[in-house]
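have a look; sequence and predicted model below, questions after that.
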Amino acid sequence: MNSSSKVASTIVKTAAPIMLGAAVYAFGLLYFIVPNQLMEGGVTGITILLNYAFNIPIFLTTLLLNLPLFLLGWKVLGGRQIAYTGVGIGALSFFLWLFERMIDAGWIVTFSTEHDFILASLYAGVTLGLGLGIVFRFGGTTGGVDIVARILGRKFGWSMGQIILAVDVIIIGASLLYIPREKILYTLVAVFISSRVIDFIQEGAYAAKAFTIISDDAPQIADLITAEMDRGVTLIPAIGAYSKQAKYMVYCVVSRQEIRRLSQLVKSVDPKAFVIISDVHDVHGEGFRQT
């Protein structure tokens, strides 16, 4: 495979998941958020507000508001950083248009409720978080405030999180003019769930544990782990701060199911070993997921 083919393959493998994530996000907006008059933050929140106030199609305002921001981001941040954002914006606008047409035609019956808004909020949060998590994981965004936050962060050193939060507060606060206060509270539930799901997707669904073992018998422990568990082990040179003696630390990553077994192996060699167990949110390589 020549270099141009490899580049094309990489672009397709990245763009396709971004488009999938945008589709899931668009579905969540039109299936859960809009029918129940809930809200969202960022530019998406503005498009929803315009829809509530003037019945303007969401796909149209999404495209019109994001296009100048995309062009500004392209000029300030450069094409490479902003390219996949263009994919996200285009895909989101397209799927919003598609799902709106399908809803109008009766092919999709939205989830609308008059009483159980907590259920709508929970499912909205999961769906939106899943869609955005996929988009972010593959290096894209759906445009909007993310572009503004990147530009202001580069120019003034402001935190992206603070900028996005400030804009979200303003937009959600302005929505009080059009929707009841209790809907804002349900919206906050959806936003919180969405943020948790995004973190879950970003950090990886596969969780493992990293063992850092400090012992005078580190080489024997490493050999036993290799022989009994068939796991890769790394010996790291270290010096005791108090004793000034050189020794090794053992570093090993195992699945959650192997925690107890590894702990027992360490104790069988050195019951006094100092063991640190840390969370690992994503693992790639031999014995775990392959990239």
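Thanks, I have it.

so in this protein, which strand runs the longest?
strand 246-255 (DSSP state E).

Ile172: neighbour count?
20 (other CB atoms under 10 Å). Every C-beta, even on glycine, is put in place using the N, C-alpha and C of the backbone.

where does the closest residue to Val189 other than its chain neighbours land in three-state SS?
In space, and not counting its chain neighbours, Val189 is closest to Ser121: 4.2 Å by CB to CB, 6 or more residues apart in numbering. Following DSSP: H, G, I helix; E, B strand; the rest coil, we place Ser121 in the helix state.

tally of neighbours for Ser121?
25.

can you pull out the strands in this structure?
Under DSSP E, the chain gives strands at 208-214, 234-239, 246-255, 274-280.

okay if I get these as a markdown table plus distance to Asn66 and mean neighbour count?
Below are these laid out as a markdown table (distance: least, CB to CB, whole Å; neighbours: other CB atoms under 10 Å):
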| stretch | distance to Asn66 | mean neighbour count |
| --- | --- | --- |
| strand 208-214 | 38 | 19 |
| strand 234-239 | 46 | 11 |
| strand 246-255 | 40 | 18 |
| strand 274-280 | 36 | 13 |
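
closest one to Leu132 among those strands?
Proximity to Leu132 (CB to CB) singles out strand 274-280 among the strands of the chain, at 22.8 Å.

quick one: strands adjacent to that closest one?
strand 208-214 (antiparallel) (DSSP bridges).

outside of the partner strand, which residues touch it?
Strand 208-214 is contacted from outside by 221, 238, 247, 249-256, 259, 262, 266, 273-280, 283, 288, using CB atoms under 8 Å, 6 or more residues apart in numbering.

averaged pLDDT, it. What do you get?
Strand 208-214 shows a mean pLDDT of 92.

do stretch 99-112 as well
Per-residue scores along stretch 99-112 average to 94.

can you check the distance spanned by that stretch, start to finish?
16 Å (CA to CA, to the nearest Å).

how big is the angle separating the longest strand of the chain from strand 208-214?
Following axes from the mean of the first three to the mean of the last three CA atoms, to 10 degrees, one obtains 160 degrees for the angle between strand 246-255 and strand 208-214.

which residue ranges of the stretch 51-200 of the chain form helices?
Per DSSP state H, counting those that start in this stretch, the stretch 51-200 of the chain carries helices over the ranges 58-77, 79-104, 117-137, 145-156, 160-174, 181-203.

okay, the ones you listed in JSON lines with distance to Asp216 next?
Formatted as JSON lines, the helices of the stretch 51-200 of the chain follow (distance: least, CB to CB, whole Å):
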{"stretch": "helix 58-77", "distance to Asp216": "52"}
{"stretch": "helix 79-104", "distance to Asp216": "49"}
{"stretch": "helix 117-137", "distance to Asp216": "42"}
{"stretch": "helix 145-156", "distance to Asp216": "48"}
{"stretch": "helix 160-174", "distance to Asp216": "45"}
{"stretch": "helix 181-203", "distance to Asp216": "35"}
